[in-house]
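A predicted structure for the sequence below; I have some questions about it.
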There are 2 protein chains.
Amino acid sequence: MNDDTKDLNMSVIKAFSLLEAFTGEQQKWGVRELAKKVGYNKTTTFRLLRTLESLGAVQKGADDKYILGLKLFELGNLVSIHKSLRQMSRVPLEHIAKEITETIHFGVLKNNQVLYLNKAESPLGLKVSTQIGSYQDAYCSAIGKVLLAYLNDSELTSYLEEVALIPQTENTITKKAELRTELNKIKKQRYALDMEELELGLICIAIPVFNQQGDVVAAISASGPSSRFKAEKVNDYLDILFRGSAQLEEKLKDFN
Amino acid sequence: MNDDTKDLNMSVIKAFSLLEAFTGEQQKWGVRELAKKVGYNKTTTFRLLRTLESLGAVQKGADDKYILGLKLFELGNLVSIHKSLRQMSRVPLEHIAKEITETIHFGVLKNNQVLYLNKAESPLGLKVSTQIGSYQDAYCSAIGKVLLAYLNDSELTSYLEEVALIPQTENTITKKAELRTELNKIKKQRYALDMEELELGLICIAIPVFNQQGDVVAAISASGPSSRFKAEKVNDYLDILFRGSAQLEEKLKDFN
DNA sequence: AAAATTGTTTCAATATGTGAAACGCTGTTT
DNA sequence: AAACAGCGTTTCACATATTGAAACAATTTT
């Protein structure tokens, strides 16, 4: 951590640390266990939780433990950045999902990571399911690699300097030179594949979404289990994705 | 304000006051104008904003003014209360919207107000458009009246004691006895009409959604301009809504 | 019945947030 | 060209609001 911490309101920072402890895996917290987790005194933690409760940012569940409250739902729905992208993506994503019958994701690059703005889930039982609003490392996902591929040289160089290529599976690209080569290839062919680079058994194919100026603003992907995702289907999937992407790009025009 | 304010963390409360100043109408704020709006010193406001910025709860837009940040989007997507209701409602709402070609809303009662959890917008140009996550007074909306109609006696009595029936249009019900009669009628006929009670030119029809135990957990509505919403269509709309509601109730079973 | 949890309150100490005034910057008015 | 008015931001002495160990009340576990 750098010294940007100077003159920030510590109470507010602490309050948000508490909120960030609530994740998809751990949705409920008691006072003492949360205090232990974030490293604050239990009294402090208790008072912050009570404050957040009075604001509706957290609330007590049936078992008296705290869960995230509806105020955050309200505020989250007011966030205007990418809001139009998110809204306009819904219908095209659902069309694609219906045709491909795999889960479709829609994401942008934010802080060098993929931020999932929307999704349309596969109608099948066995499917990929990601939390909208969550982040994913870019170098090991199809959407991420597409978005990285269209960065300009200096952006990509600084990304490669900063990032640590941690192996998620035996297929994860862990050499920076190799990643660069892969990204060049992706830019040429206009799509990216993730062949179990993030998770074993999970395959993903992604293509870019351009705005009217020709910049890549987002990417869409289809993800499914390797058992269904056969090589001979790739071209079909790409066709469908490209048609969906064209729809998205059409809608994007209205927002300029 | 009552004395619940004791021992709450004022900084956190102030920070949230700032966040709540951001609405659909006013999405951007400069430091000084926001300070004026919320009544804090500009220095305090500035420091809180800087703190919130470092947390990603706000960020600076293109014109250097502050807008709500993606951290709130992330947190909002993690809110688990009503999350399943929200998710399961999407597909049925879209089916209904396609059939009725008017905007469909899905809401619950929260703090004696209607909280909109989801919507499916009319494909037509002239349409109702509500912010998901926003609140609406219950007594003057169709969804609200349905939800009120199924409260038990003591809940309804305490609602009627607390609420102020402020006329929104010339059709708004402003007498508590009259509202009670209306709610009885609604419970009997199993649907509610809002005939320009909230906004002139706006008509709305709503029905309840039951869970497996037979409690009303939510309501769905179709809203449109009075120019399109003719009396002879009401029965058709009801048919479609009831079929949609049945779909919703079917999905609800899986979550018990 | 004792022990070990939990959430919650108390109170003195001090660390933390406060706000008037000043600063540097940009754009407009004189 | 100079004065002005707006903005976000910094400074610093002061005072208030936050802190945490310890105690408390209420459950649950031993």
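Right, received. Where do you want to start?

Spell out which residues of the stretch 1-150 of chain A are next to DNA strand D.
A:Asp7, A:Met10, A:Ser11, A:Lys14, A:Tyr40, A:Asn41, A:Thr43, A:Thr44, A:Arg47, A:Leu48 (C-beta under 7 Å from any atom of the strand). Just so you know, the C-beta spots here come from the backbone N, C-alpha and C atoms, and that holds for glycine as well.

So which of these belong to helices?
Counted as lying in helices by DSSP state H, out of these, are A:Met10, A:Ser11, A:Lys14, A:Thr43, A:Thr44, A:Arg47, A:Leu48.

Switch the residues of the stretch 1-150 of chain A next to DNA strand D over to JSON lines; also include neighbour count.
Output for those, formatted as JSON lines (neighbours: other C-beta atoms under 10 Å in any protein chain shown):
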{"residue": "A:Asp7", "neighbour count": "9"}
{"residue": "A:Met10", "neighbour count": "10"}
{"residue": "A:Ser11", "neighbour count": "21"}
{"residue": "A:Lys14", "neighbour count": "20"}
{"residue": "A:Tyr40", "neighbour count": "17"}
{"residue": "A:Asn41", "neighbour count": "9"}
{"residue": "A:Thr43", "neighbour count": "10"}
{"residue": "A:Thr44", "neighbour count": "15"}
{"residue": "A:Arg47", "neighbour count": "19"}
{"residue": "A:Leu48", "neighbour count": "28"}
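
returning to that earlier point: now compare the ones in helices among the residues of the stretch 1-150 of chain A next to DNA strand D and name the two farthest from each other.
Spanning the widest gap among these are A:Met10 and A:Thr43, at 15.2 Å by C-beta to C-beta.

circling back: out of the ones in helices among the residues of the stretch 1-150 of chain A next to DNA strand D, which touch chain B?
The subset of these within reach of chain B, by C-beta under 8 Å from any C-beta of the partner chain, is A:Ser11, A:Arg47, A:Leu48.

Name the nearest residue to the second one, sequence neighbours excluded.
Spelled out, it's A:Arg47. If the residues on either side of it in the chain are set aside, A:Arg47 comes closest to B:Asn9, at 5.8 Å by C-beta to C-beta, 6 or more residues apart in numbering or on different chains.

State the phi and psi torsions of the one you found.
Main-chain dihedrals, B:Asn9, degrees, to the nearest 10: phi -80, psi 110.

In which helix or strand does A:Gly107 reside?
strand A:103-110 (DSSP states H and E).

Give me the packing partners of that strand, helices and strands only.
Packed against strand A:103-110 by the contact rule (3 or more C-beta pairs under 8 Å, 6 or more residues apart in numbering or on different chains; DSSP states H and E) you find helix A:83-100, strand A:113-120, helix A:142-149, strand A:216-225.

Give the buried residues for the first one.
This means helix A:83-100. Buried residues in helix A:83-100, counting neighbours by 16 or more other C-beta atoms under 10 Å in any protein chain shown, are found at A:85-86, A:88-97, A:99-100.

quick check, nearest of the residues you listed to A:Glu53?
A:Arg86 (28.9 Å).

Now do the contacts for the closest one.
Each residue near A:Arg86 by C-beta atoms under 8 Å, 6 or more residues apart in numbering or on different chains is listed here: A:Phe106, A:Leu117, A:Asn118.
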